[in-house]
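> Mind looking at a prediction? Sequence and model below.
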Amino acid sequence: MNKTWVSVMIAALFEVSWVIGIKHATTWYEWAGTVIAIIVSFSLMIMAGRTLPVGTVYAVFVGLGTLGTVLSGILFFGEPFSWGKIFLTATLLVGVIGLKMVTPEETEEN
C-alpha cells in the first residue's frame, strides 16, 4: 500500500476524533484536542491530494470517516444499532474500496 493512501486513512481516523470531539468536548483541553485533530486531518488529506486525484481522496476520506463515526457512535456512545445502518455503511465502504482500487497510486511525480 502506498504511503499516500496510508496518510488518507490516518486523516480519516483524525476525522472521527474531531467529529466525536465536536459533539462531546466540554473542557478546554478536549476542545484543543478537537482543533488539533481537525488540523491534522485536513493537512493529511490536502497533502494526499497533491499526488492522488482530489475527488478520490476526498471520497475515501469522507467514506472512512463516516464508517468510523457510525461505528464509534454505536460501540462507544450508545447510539441505536440497526441492520439498515450497517448495510448502508457497508455499501459505502464497498464504494470507497472500489474507488481506491481503480485509482492510480500516484498521478504526479514526487
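Done, it's in. Numbers count the residues shown, from 1 in each chain.
> and the one helix or strand Leu92 maps to, what other elements does it pack with?
Leu92 is located in helix 83-102, with elements delineated by DSSP states H and E. Secondary-structure packing of helix 83-102 (3 or more Cβ pairs under 8 Å, 6 or more residues apart in numbering; DSSP states H and E): helix 54-76. (Glycine included, C-beta is placed from N, CA and C.)
> switch to 10 Å and redo it
Contact analysis of helix 83-102 by 3 or more Cβ pairs under 10 Å, 6 or more residues apart in numbering; DSSP states H and E lists helix 3-24, helix 54-76 as its packing neighbours.
> and the shortest one, what other elements does it pack with?
The criterion is 3+ Cβ pairs under 10 Å, 6+ apart, and the helices and strands that helix 3-24 contacts are helix 28-48, helix 54-76, helix 83-102.
> I'd like the mean pLDDT over the first one, please.
The average pLDDT within helix 28-48 is 96.
> can you check stretch 54-71 too?
Mean per-residue pLDDT for stretch 54-71: 89.
> residues of it that come out buried?
Taking 16 or more other Cβ atoms under 10 Å as the basis for neighbour counts, the residues of stretch 54-71 that come out buried are 56-57, 59-61, 63-70.
> do the same with stretch 75-90
For stretch 75-90, by 16+ other Cβ under 10 Å, it's Thr89.
> What's the end-to-end length of it?
As for stretch 75-90, its first-to-last residue distance stands at 16 Å under the measure Cα to Cα, to the nearest Å.
> Look up how far Tyr29 lies from the spatially most central residue of the chain.
Residue closest to the average C-alpha location in the chain (Cα atoms, centre = their mean): Ala12, at 2.3 Å. With distances defined as Cβ to Cβ, to the nearest Å, the gap from Ala12 to Tyr29 amounts to 23 Å.
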